[in-house]
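J.: Turn this into a structure:
(chains A, B and C)
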Amino acid sequence: MKCIKIDKKQWAGGLETAASTYRLFGPVKSGEVYEFAALAPGREPDMAVQNTRTSPRSVVYPQAEVMFEYTTDENDPDAHVMKEPETDEKPRAAIGIRPCDAYSFVLVRRNFDSAEHQDVYWLRNYEETTFIGQACHNPCSTCFCTTAGCGPFHEAGLDVLLADAGDHYVARVLTDKGETFMKAAGWDAGIDCPDQEWEGWKTAAQEKIVSEVATDRLANIDTLALHDAGFWDDAAFSCINCGTCTYLCPTCWCFDIQDENKGRKGIRYRCWDSCMFPLFTLHGSGHNPRGDKTQRVRQRFMHKLKYYVDRYENGIQCVGCGRCVQHCPVNIDIRNVCNLMNSFGEAESCSVA
Amino acid sequence: MQNPYYPYPVRIDDIVVETEDKNLKTFKFSFLNPEDEEKFAYWPGQFAELSIAGLGEIPIGIASSPTEKGFVKFTVNKVGKVTTHLHKMKVGDIMGIRGPLGNWYPWETLEGKNVVIIGGGFAFTTLRSSIAYMLENRDKFGEIHVIYGARSPGMLLYREELAEWEKRDDLNMHITVDAADDPDWKYNVGFVPAITDEKAPEADENTYAIICGPPIMIKFTQPVLDARGYAHDHIIMSLENRMKCGIGMCSHCNVGPVFVCKDGPVFTLDRLNQLPKEY
Amino acid sequence: MTAYTDKIREIARRLLKDCKVETVIGFRKGTVPMMNEPCFITRADAADELVWDGNCGINLANYLTDRKEKIAVFAKGCDSRNIVNHIVENKIDRDQLYIVGVPCKGMIDKRRIRGMAPGEITEVAEDGDAVRVKGRDFEESYDRKDVLQSNCAVCVHRNPVVYDELVADEVTEQTDVDRFADIAEIEAMSPEEKRAYFEELLAPCIRCYACRNACPLCYCPTCFVDESQPQWVGKSQNPTDVWTFHFLRAYHCAGRCTDCGACERACPVGINMRLLTKKLNKDAFEKWGWEAGLTLEQRPPLDTYRPNDPEEFIK
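T.: Presented below is the predicted three-dimensional model:
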C-alpha cells in the first residue's frame, strides 16, 4: 500500500494542475443545496459537506445523455441512420466522493456490465473516471452504510481514499488509476502508511454510525411471499409517487430512451426514469401491471432489497447513504421497510422444546 | 466494445396489409450492410427493437424464420407513436433494427418432441416464425398441432400461408374464429380455449405447448391444458411488458427478479408461477 | 400545537369505535427530525399512532382523491380549503368526509432551520413559541415565528373553513401581513431580469415531480408533461422543458391554489416554485376578488363567466 501526504496548502494547487489532464467533479453548493457536479475552473470542491443532496451518479451517468445523432434529411446519404456522437473529452475525476457513493458504482456495474451485454455509455464513462474518495470522519445520523455493505472508510470502488488529518490529508493510493491521478496533481510526498492511526480513525467513524438495517434474512425469504406480504399498503400509503428517492439514490439506474428533433436533425438520448411513475410500466394497450401506488412502492423496495439480492447474490442494492431517508417528502424510510422485509415470516413467539 | 443500442440500418422492401381492419401490416426488411444480417442471427421466439429516427423504438417479435434468408419480417399492430408512423412508411424507406433480443422457444428441448402451438390474435408472429422453422426442419420434431384463432376470418394473419399449411399432412392445423359471417368459412368457429379442449393432444412427457396470445386467451386456455394434464414445465409462454432498452439495463420490464427483455420473453409456466403477476 | 395530539387521538378513537368512519387519515411521528408521515388507521386501538405538531405540513387533501370509503381527515386551514376544492371539483363527496378541523399556527420550515443550525440536527422539540434544536454538539432555540414556512408566515386562513368538529378553539387570524410582497418584487423586474431570475430559480430542478405530486390540485390521470401522443414536453434537462413544466403547472393551478406550501416543502432541491402559483393567486385576488377554497357555493374563476369579468388584458 502506498500512502501520500497532501498538505492542505497544496490541495487547491494540485487540483488545478490535475485539471489540465482531468475534468474534475466534486461537491459544490448550488442554490441552497450541495450537488456533486463539474467543477468550474478554479472552483474548489467543498470537502466539508457530508452527503451531497444529489448523488455523484451523474458523473458517470448523467441525467440526460446523448446516445446517437441522426438526420432525417433525405439529401443526406446517411439519412435515418444512427451515428454515435464524437467525444474527445478528458478523463474525469470525482474529487471528495464519499465511500458509500463510490461503492454504489460497484453495485450498479452489475447491471450495466452483464455477461450478455455491456452498456457502452456507462462503462466508458465509468472506466475513464478516477475516484478520489474522502473518508467520513463524521457520518450523518441517517447514514447506515455499515449495515448496507460498506462503511465510512470503505475502499471498494475507490482509486484513492483520503483521510482528513487536520492540516493535511493522508491519501491511500488504492489503484494504478489513483496513482496516475496523484502524479497528475503533483502530489508525491510518499509516506509510510500510518496504519494504526488509520484504523483508529476508521473505528471512531464506524462507532459514530447510529443507524442500521437488518438484511441477514432477505436472501432466504420466498420472493412471492414477500411480494404478497401484508405490510405494503401501510408502507406505501403516504407515498406521493414522486421521483425524489429514485433520483437522489446513487444506486438507482432506471432510464428511458427518447428521440428529440430540431428541424431535420435530432438526437436519441437516454434520461433517468423512475419506477415510482405510473407511466413507467404502462402498456400501449392501456394495461398497467403496476398501476397502483402500492405496487410501485413495493417494486422499488423489492428491487433494492430482494430482487437484486436474488439476482446477484451479493447483498442489497443500497449503500446506506440516507438521502432517501432525509429527503422523501413524506418520510417513507427505507430502514423501516428493510427491517419489515427482513423480519417477514419470523416466528412471533419462541417455542421452547 | 459493440454498442448494443445501435440499430442496424434497414430498408423496407415490402409491406403487406394483413387484416381487414388494416391495423396490422407485415414489413419485410433487408439490411443495408450485408454483414449486419450475419450479426442478426436469431431463433424463433426472439424479438427486436424497430427504430425510426425521430420517433423512437418499439419491441416487436420476429415473424420471419431464420431458415428464410435475405430478409427479416415483422408484423406490427398500429398502437402508439412509433407504430402509427411505421404504418405510414413506404417501400424503400430507411429505418433501423436492433437485436435480436431476448431468449427463444427452447428448441433444443423441443427437438424430437410433439409441439402444440396455441396462438391468438396478432400475437401469432413469433409462432409463425416457429412453424416455418419447424416445417423447414420437419424431421426433427414429432407431431405438430397449431391452434390459431382470431375474432373473424379477416383478422387472421398470414392467411395464404395458413391455407397452404392446412393442405399439409405433416401438420395438424386448427384455425378458428370467434364468429364468421362468411358462409364459405370451412374451418372452426369458437374461442381458442374451447378449440384447444377439442383438438389438443393428450399431455405426455413428450408433448409441449407453446402459448402466445392476449391475456384473456391465456387466462382461459391454461385451465384447459391443466385439465388435460400438461405439466407446467411443458407449457411455454411468451410475455410482453413495456420495454425500452431490450437488453436488461433500463429495468422497465422487470417481473420480480427477471427482465422480460433479457431473461424472457419466453418462460415456462413453471417459472412464471414463481414470479409476481406484474405483466 | 403539540397539545393537539391527545385530542386528535381521542377523536380518532371515538370515530372508529362508533363506526362513524372506516378510515382516519392523519400523521404519525416521523423517523427524522421535522418530518411526520401521513398515515391511515382503521382500528380504534391504533389511534395512539397519531401525532400533531409543527411538522404536519403535508396537505392531507392529497390523500382523499377518488377514495370511496367514509373518511375522517385532520385538516389545517389550507387542507380544508383544498378539501373544498376537491368537493367542488368532484374528487370526493362532502358526505364521505368527517372533517376534523385543526386551527393552525403555522408549520415549521425544515430547510430554514437546517440552514440556521450550526450542524446536523438530530432532535427538534416545540415548546410554546420556542423551537428547541439539538445536534451532536450544539443546542439552539429559535422563535417559532422565525422558522415558519414562508407561506405560513403570511397565511390569513389559519382556521379551517369547513369542518365537522374542531380539535381546539380557533386561533386568531393574522391581519398585518403583506401576502404578496415577494410577488410584487418580481413584478417590478424588467423582462430580462425576470428571465434571469426564473432561470436561476429553476436551474436545480431534477424533474422528480415531487412538487406536482405533493399538490392536491394535481390529480390529472396523465399530466401534460407525461403525455406521449402528442408529446408536449421533452424529458431531458433542457431548460425550456423544465420551465414549460413549471410554468404550465402553475397555470393549471390558477384560481385553485391555496398556497399550502406542499410543493415547496416537497422539493428535494429547494426550489420555491410557489412564486409561480402565488403570482396567479395574486391575479385571481386582484381581478376577481377570489381566494381558492373558501366556499362550497361558488365555482372557481377560470371555471365560470361573469359579464363584468375584467377584460383589459384581452388585446
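J.: From here on, just use CA atoms for contacts and neighbour counts.
T.: OK.
J.: could you pull out the helices for the stretch 51-200 of chain A?
T.: Along the stretch 51-200 of chain A, counting by DSSP state H, counting those that start in this stretch, helices occupy A:57-60, A:99-112, A:120-127, A:176-185, A:195-207.
J.: Other residues contacting the third one?
T.: Residues outside helix A:120-127 that contact it (CA atoms under 8 Å, 6 or more residues apart in numbering or on different chains): A:59-61, A:67, A:109, A:112-113, B:1-4.
J.: residues from the stretch 201-350 of chain A in reach of chain B?
T.: A:223-224, A:227, A:253-261, A:266-268, A:275, A:280-285, A:288-290, A:302-303, A:306-308, A:310-311 (CA under 8 Å from any CA of the partner chain).
J.: related to what we said a few turns ago, JSON lines please, covering the helices of the stretch 51-200 of chain A and showing distance to A:Lys8, mean pLDDT and mean neighbour count.
T.: Formatted as JSON lines, the helices of the stretch 51-200 of chain A follow (distance: least, CA to CA, whole Å; pLDDT from 0 to 100; neighbours: other CA atoms under 10 Å in any protein chain shown):
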{"stretch": "helix A:57-60", "distance to A:Lys8": "25", "mean pLDDT": "96", "mean neighbour count": "20"}
{"stretch": "helix A:99-112", "distance to A:Lys8": "20", "mean pLDDT": "98", "mean neighbour count": "22"}
{"stretch": "helix A:120-127", "distance to A:Lys8": "28", "mean pLDDT": "96", "mean neighbour count": "16"}
{"stretch": "helix A:176-185", "distance to A:Lys8": "13", "mean pLDDT": "97", "mean neighbour count": "18"}
{"stretch": "helix A:195-207", "distance to A:Lys8": "18", "mean pLDDT": "96", "mean neighbour count": "14"}
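J.: can I get these in JSON lines with distance to B:Ser65?
T.: As requested, the helices of the stretch 51-200 of chain A are arranged in JSON lines below (distance: least, CA to CA, whole Å):
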{"stretch": "helix A:57-60", "distance to B:Ser65": "40"}
{"stretch": "helix A:99-112", "distance to B:Ser65": "30"}
{"stretch": "helix A:120-127", "distance to B:Ser65": "30"}
{"stretch": "helix A:176-185", "distance to B:Ser65": "48"}
{"stretch": "helix A:195-207", "distance to B:Ser65": "60"}
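J.: quick one: which of those helices is nearest B:Ala150?
T.: For the helices of the stretch 51-200 of chain A, the distance to B:Ala150 is smallest for helix A:99-112, at 39.6 Å, taking CA to CA.
J.: and the closest one, what other elements does it pack with?
T.: Where contact means 3 or more CA pairs under 8 Å, 6 or more residues apart in numbering or on different chains; DSSP states H and E, helix A:99-112 is packed against helix A:120-127, strand A:129-134.
J.: which intervals of chain A have sub-threshold pLDDT?
T.: Across chain A, residues meeting the criterion (pLDDT under 70) sit at A:347-353.
J.: what do you get for the stretch 151-300 of chain C?
T.: For the stretch 151-300 of chain C, no stretch has pLDDT under 70.
J.: of all of it, which residue lies closest to chain A?
T.: C:Cys208 (4.2 Å; CA to the nearest CA).
J.: Now do the same contact list for that residue.
T.: C:Cys208 sits in contact with A:242-244, A:247, where contact means CA under 8 Å, 6+ apart.
J.: Among those residues, which ones are in helices?
T.: A:244, A:247 (DSSP state H).
J.: got a markdown table for the contacts of C:Cys208, with distance to chain C and neighbour count too?
T.: Shown next, in a markdown table, are the contacts of C:Cys208 (distance: CA to the nearest CA, whole Å; neighbours: other CA atoms under 10 Å in any protein chain shown):
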| residue | distance to chain C | neighbour count |
| --- | --- | --- |
| A:Cys242 | 5 | 24 |
| A:Gly243 | 4 | 23 |
| A:Thr244 | 5 | 25 |
| A:Tyr247 | 7 | 25 |
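J.: ok, of the contacts of C:Cys208, which one's closest to C:Phe74?
T.: The closest of those, once distances to C:Phe74 are taken by CA to CA, is A:Cys242, at 23.1 Å.
J.: how near is the closest one to B:Ala179?
T.: Per CA to CA, to the nearest Å, A:Cys242 is found 47 Å from B:Ala179.
J.: now A:Trp201
T.: With distances taken as CA to CA, A:Trp201 is found 78 Å from B:Ala179.
J.: Stretch B:86-97 and chain A in contact?
T.: Yes. Counting by CA under 8 Å from any CA, chain A is contacted by stretch B:86-97 at B:94-96.
J.: Let's see which of the residues you listed end up in strands.
T.: Among these, DSSP state E puts B:94-96 in strands.
J.: end-to-end on stretch C:222-235?
T.: Start-to-end, stretch C:222-235 (CA to CA) is 15 Å.
J.: From the chain's centroid, how far away is it?
T.: 25 Å (CA atoms, centre = their mean, to the nearest Å).
J.: in it, what's buried?
T.: Applying a neighbour-count criterion of 16 or more other CA atoms under 10 Å in any protein chain shown, one finds C:225-226, C:233-235 buried in stretch C:222-235.
J.: can you check stretch B:150-159 too?
T.: B:150-158.
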